[in-house]
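> Quick one, fold the following:
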Amino acid sequence: MSASTRRDFNPLHLLLVLVPVAVAGHYLHWSYTVQFLLAAVGIVPLAGLIGEATEHLAEETGPRLGGLLNATLGNAAELIITIFAIRAGLMELVKASITGSILGNLLLVLGASLLLGGLRYGRQRFERTRASVNATMLILAVIALVVPSIFSATIGAQTAGETHVNPSSLAGVMGRVNPDVEALSLGVAAVMILIYGLGVLYSFRAQDSPLTRPAAHIPATAGWSLRKSLVILFLSTAAIAWLSEILVGAVEPVMEHLGWTEFFLGVIVIPIVGNVAEHLVAVKVALKNQMELSLEISVGSSLQIALFVAPALVFISLLMGNPLTLVFNQFELIALVSASLIAALVALDGESNWLEGAQLLVVYVIVAMAFFFLPVG
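Here you go, the predicted model:
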């Protein structure tokens, strides 16, 4: 194997063999659990290919347009999965995946990066000012997600004329989609997309916007042509759509067979499946002592989920006839606020160590266990 070939080789590409196996298993009517696992693992390398194709397109188009591509396609795999979940009416799965993506990036990915990078280099330093700006933007994004949830219980109770609505269950009023709550969600989603668009516009003038992550996330490989990048991007997206349909179709039988809740699948499993390729890159650059880039990947991905993917799903769901509202339950809200505050605290001093990474991972494990045993119904 030549040196160039070795540089091009990505171990995740080996998992591509599972893509046709998953499709075959679906048409041969294998057990739903096997179909779910094959589709989930098969999406992982395809998400990685989308990332690689985007990076090579960025090389062809220049840093500014490249930043826009990263901002738009950074979470394409998860967006596709959630669209199919909306079509299937699995709304709790969709909202849980939004929560899980943000938590996974801020606690699991950032924690693993800080832990492994710290074990290798001791203290790692990064630009404090930029990290603080990103953390502040993240807190603002989480507030935008929290506001509709806080006010939805009151709006729902007043409109329905009911006084027995349980205020401890913020999602409880959404058994029926209240027009006022839906209007509030649409308004907040529109404002979030607006600020996201303004952030992308700002990045064209100043290449340090927290909404557009820098290029070169993927280790350097031989350059792909524009045509090759576009073809791989198209084929990977189509394959993810195919596997997503299989994955979502197996969700309910898998929940019944394994005893998992729709909520746990959305918070833990779906975000890992859709983002694991990017997660591995964040850890890899941390092991190269590029902690600033690692922070950009984890925090930047969270910002894209909160400010672009979540509000985009609100409008997409409306077009599909299954309205999605930005109303999360109290446990999701507590976890989101806590994770964003922890990420902000890590960024305050401009340096990190392995102990901080271990602390973030411990919090993620605690939250995951709590969500696993949380009865949602």
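> Do me a favour and get the backbone dihedrals for Leu90.
phi -90, psi 70 (degrees, to the nearest 10).
> What of Ser352?
phi -140, psi 160.
> How many residues are close by it?
27 (other C-beta atoms under 10 Å). Yep, even glycine has a C-beta here, placed from its N, CA and C like the rest.
> ok, it - contacts?
By C-beta atoms under 8 Å, 6 or more residues apart in numbering, Ser352 lies in contact with Leu114, Gly117, Gly118, Arg123, Gln124, Arg125, Phe126, Met291, Val346.
> Just these: which are in helices?
Leu114, Gly117, Gly118, Met291, Val346 (DSSP state H).
> I'd assumed Gln359 was in contact with the third one.
No - contact criterion C-beta atoms under 8 Å: Gly118 and Gln359 do not qualify, at 11.2 Å.
> So between those two, which is more surrounded?
Between Gly118 and Gln359, counting by other C-beta under 10 Å, Gly118 is the more crowded of the two (21 against 16).
> Quick check: closest non-adjacent residue to that one.
Trp354 (2.9 Å; C-beta to C-beta, 6 or more residues apart in numbering).
> and the one you found, how many neighbours does it have?
Around Trp354 there are 18 residues (other C-beta under 10 Å).
> Contacts only, for it.
Leu114, Leu115, Leu116, Gly117, Gly118, Leu119, Gly122.
> And for Leu138?
Leu138 makes contact with Leu106, Val299, Ser302, Leu303, Ala306, Ser340, Ala343, Ala344, according to C-beta under 8 Å, 6+ apart.
> How about the backbone phi and psi for it?
Dihedral angles (degrees, to the nearest 10) for Leu138: phi -70, psi -40.
> Helices along the stretch 201-350 of the chain, start to end?
For the stretch 201-350 of the chain, the helices defined by DSSP state H, counting those that start in this stretch occupy 226-249, 251-258, 262-264, 270-287, 291-304, 310-319, 330-348.
> Need these in a markdown table (columns: mean neighbour count).
Listed next are those as a markdown table, based on neighbours: other C-beta atoms under 10 Å:
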| stretch | mean neighbour count |
| --- | --- |
| helix 226-249 | 19 |
| helix 251-258 | 16 |
| helix 262-264 | 22 |
| helix 270-287 | 23 |
| helix 291-304 | 26 |
| helix 310-319 | 19 |
| helix 330-348 | 20 |
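> among these, which is nearest Val147?
Proximity to Val147 (C-beta to C-beta) singles out helix 330-348 among the helices of the stretch 201-350 of the chain, at 10.3 Å.
> ok and that closest one relative to helix 291-304, angle-wise?
Put simply, helix 330-348 runs at 150 degrees to helix 291-304, going by axes from the mean of the first three to the mean of the last three C-alpha atoms, to 10 degrees.
> For helix 330-348, which outside residues touch it?
95-96, 99, 102-103, 106-107, 110, 114, 128, 131-132, 134-136, 138-139, 142, 145-146, 149-150, 168-170, 267, 295, 299, 302, 328, 352, 356, 360, 363, 367, 370-371, 374.
> ok, now how distant is Val147 from Leu333?
10 Å (C-beta to C-beta, to the nearest Å).
> Check Thr237 too.
Counting by C-beta to C-beta - Thr237 and Leu333 are separated by 32 Å.
> Pretty sure Leu125 sits against Met291.
Rather than Leu, residue 125 is Arg. Yes - at 7.1 Å, Arg125 and Met291 qualify as touching, with contact defined as C-beta under 8 Å.
> sorry, back to before: cross the contacts of helix 330-348 against strands and list the overlap.
Residues of the contacts of helix 330-348 located in strands (DSSP state E): Ser352.
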